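**Student:** sequence and predicted structure are below.
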Amino acid sequence: MKKLLFVIFVLGLALVSCQSQKKENSTTMENPFFKEWTTPFGVPPFDEIKVEHYVPAVKEGIQQQQAEIDAIVANTAEPTFENTILEMDKSGELLSKVSGVFGPLNSANTNEEMQAVAREISPLTTQHRDNIMMNPELFKKVKAVYEKRNDQGLDAEQLRVTEKYYQDFVRSGANLSSEDQEKLKKINTELSGLSLKFGENLLAETNKNFKLVIDNEADLAGLSEDVVARAAEDAKKSGEDGKWVFTLAKPSMIPFLQYAENRDLREKLYRGYFMRGDNGNENDNKEAIQKIIKLRDEKAELLGFDNYADYVIDNNMAKTPEAVYDFLMKLWEPALDMAKQDVKEMQAIINREGGDFKLASWDWWYYNEKLRKEKFNLDEGEIKPYFSLQNAKDGIFYVAKNLYGLKFIKRDDLPTYHEEAEAYEVQEADGSLLGVLYMDFHPRDGKRVGAWSTGFRQASYTKDGKRIPRIGSIVMNFTRPAGDTPALLSFDEVSTLFHEFGHALHGLFTDGPYDRTAGSVPRDFVELPSQIMENWAAEPEVMKVFAKHYQTGEPIPDELIEKLQKSGTFNQGFITGEYVAASLLDLDYHTAENAEIDDVRAFEKASMDKIGLIPEFIPRYRSTYFSHIFAGGYSAGYYVYYWAAVLDTDAFYAFKETGDLFNPEVAAKFRELLAKSGSDEGMNVYVNFRGKEPSIEPYLKKKGLM
Ligand SMILES: [Zn+2]
């Protein structure tokens, strides 16, 4: 059963609504999903696939998989690994084939018709998943195999995939009495309603309930022309023609906090931001938080855990909340020290300028910009000519060749889903095929914002052991070429390309016999393969190879490299500190004794007082607008971004320590980590690569925190 089944159809649902047009006119024979694909490497025949092909193919795919599941259940032989786990793992081939095309295209190249299809198939696949996960007869068989797993002569991979399927069922409540299952369903329903409400409240508090209206031009002092122009536009849009409006959306708020000289207005705007959901009005989120925490605690207890953080983190690399606390405090202390030092330096600027006040949280951005100018001055315009898109592509290919011997060969003969998407055949050093990678660089209508890595087909094996190579895809929204000037990227964009390319390599290398475990990694591991690649992009030795001026061909000067590197350590006390403070708040909520939060404000204050948070900054998210944990999927998991950052830096040091950024032995071991990432617990996979658990020091050094 491909992982795709569980994730792909949730994308793109909340988009524009339009009447779904039923088109049942295509016959089964014409539907390319019902035929074998004869394209090179079996890539999807994008030119033949039409919108009306998806729904019938999904319906047929669901029926086929349901028949496969029914056959497992109907089998009267004693349940074994082969007749239960393996059959389940390899079921649903057609459904994977359709969702593997539909999911990625609904993100990278969608339109109203595609979105209508998404709305039509999403409930079908959700229902289908529930039918499998809540099938008591199927679970009985899985459980039977699980219980005798140690005396069936299973190998390590077979054991792991058996345990994973068993856990999937148990974590969904399959082991509970029918009475408790009803309780769990009720809790899940209530929780999703509350999360929805939390999100809606926050949306209203961000977009509707507050705006800063300025009608005196003098109050704009310090702001750049384009910021003022945008504020005038925002005013027009909200019926305040001739005035200027600033909102709590970050692109509007941050420049104001950075540059507006009027301190009272900075305070007014920032207060608007950090009081969201905490204003005692109809959009107040405090009650929702109390209910969510209580219900999550009940859910964890039903499923046999002490608290909700235990339940979530049990599935992660960190394993226990204690390990995460320990990790976060190692970051917190140096970050707090550095932030205190920055406070002193910013206070010195205030005093020097004759300001008779103490630095407050609404002053941080403003005085930090002054400090940044004093310490170094990085101009994006100077950097960009060295980072044409072609250079950046040369950079990723150079790194992949030197690490793994890979060759990327552009294949204009492969079908693509859009004329701007490029297809590459990926060859091993010996010329054999590793897989296919599509790359799609620029924004357009129908592409969602951001950058991501996905795939049209995951690397896998058939039941009889034939390897099926990966067809991957990375999608970005980079600056376009302008006239005769090629696309010139910011260094952020270059890092993004290396990042997504790292996810792509992970997918290409993945090599495991079972679909449930191959390449399937915990949430706090998933950004290791991607973030590690950003380290090569930032190494002077590598930059000198690929960062060449697009007109003169000169490599990037040392002085610019140095500025780029310094900018990576500036303000880290605040950046790391506000993140870690929010992560600790998240954990405190989800480990709270008896989970009765009487007073959200008091709970938050006690949590922050405990770690000695200084009043000059506040956590990145206060409780009432912490949507990652109360409306999104990051509850007891906000820490994962930094966990992965520590991992990737430590892993990169394995190369650095040898004095060779492309050390072949380390590269071979790292490739093994990528290939086998789902074959064992995350920490075991890591230790197998590194010879020890990750250490935090390389990260602290990189960020200037030690
Ligand atoms: Zn990523």
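**Tutor:** Everything's here; your move. Since the model is a prediction, treat every value here as computed from it, not as a measurement.

**Student:** host element of Asp264?
**Tutor:** helix 263-274 (DSSP states H and E).

**Student:** packing partners for that helix?
**Tutor:** Where contact means 3 or more CB pairs under 8 Å, 6 or more residues apart in numbering; DSSP states H and E, helix 263-274 is packed against strand 212-214, helix 250-259. Backbone N, C-alpha and C define where each C-beta goes, glycine included.

**Student:** residues near Arg448, how many?
**Tutor:** A total of 15 residues lie near Arg448 under the criterion other CB atoms under 10 Å.

**Student:** ok, it touching Ser107?
**Tutor:** Yes - counting by CB atoms under 8 Å, Arg448 touches Ser107, with 5.3 Å between them.

**Student:** nearest to Phe689, of the helices and strands packed on helix 263-274?
**Tutor:** With CB to CB as the criterion, Phe689 lies closest to helix 250-259 of the helices and strands packed on helix 263-274, at 37.0 Å.

**Student:** I'd guessed Glu120 sits against Lys59; true?
**Tutor:** No - in this structure, Glu120 is not within contact of Lys59 by CB under 8 Å, at 9.8 Å.

**Student:** mean pLDDT lowest where, among the helices and strands packed on helix 263-274?
**Tutor:** Mean pLDDT values for the helices and strands packed on helix 263-274 show the minimum at helix 250-259, a mean of 92.

**Student:** quick check: buried residues in it?
**Tutor:** Ser252, Met253, Pro255, Phe256, Leu257, Gln258, Tyr259 (16 or more other CB atoms under 10 Å).

**Student:** could you dump those into a markdown table with distance to Asn571 added?
**Tutor:** Shown next, in a markdown table, are these (distance: CB to CB, whole Å):
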| residue | distance to Asn571 |
| --- | --- |
| Ser252 | 21 |
| Met253 | 17 |
| Pro255 | 16 |
| Phe256 | 18 |
| Leu257 | 13 |
| Gln258 | 12 |
| Tyr259 | 16 |
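
**Student:** next, count neighbours for Gln565.
**Tutor:** 14.

**Student:** and the residue in the chain positioned nearest to the ion, what helix or strand is that in?
**Tutor:** Minimum separation of the chain from the ion (CB to the ion) falls at Ser530, amounting to 4.1 Å. Using DSSP H and E, Ser530 sits in helix 528-537.

**Student:** what element comes up after that helix heading to the C-terminus?
**Tutor:** helix 540-546.

**Student:** let me know the average pLDDT across the helix or strand that that next one is followed by.
**Tutor:** Moving toward the C-terminus from helix 540-546, the next helix or strand (DSSP H and E) is helix 558-567. Mean pLDDT, helix 558-567: 91.

**Student:** show me what helix 558-567 is packed up against.
**Tutor:** helix 380-383, helix 540-546.

**Student:** list the buried residues for that helix?
**Tutor:** Buried-residue list, helix 558-567, by 16+ other CB under 10 Å: Leu560, Ile561, Lys563, Leu564.

**Student:** alpha carbons only: can I get it in CSV?
**Tutor:** In CSV, the C-alpha atoms belonging to helix 558-567 read as follows (Å, rounded to 0.1, in the frame of the first residue of the first chain):
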residue,chain,number,x,y,z
ASP,A,558,36.0,36.3,-1.4
GLU,A,559,34.7,39.5,0.1
LEU,A,560,31.1,38.7,-1.0
ILE,A,561,31.3,35.2,0.2
GLU,A,562,32.4,36.5,3.6
LYS,A,563,29.5,38.9,3.8
LEU,A,564,27.1,36.0,2.9
GLN,A,565,28.6,33.9,5.7
LYS,A,566,28.3,36.7,8.3
SER,A,567,24.7,37.2,7.5
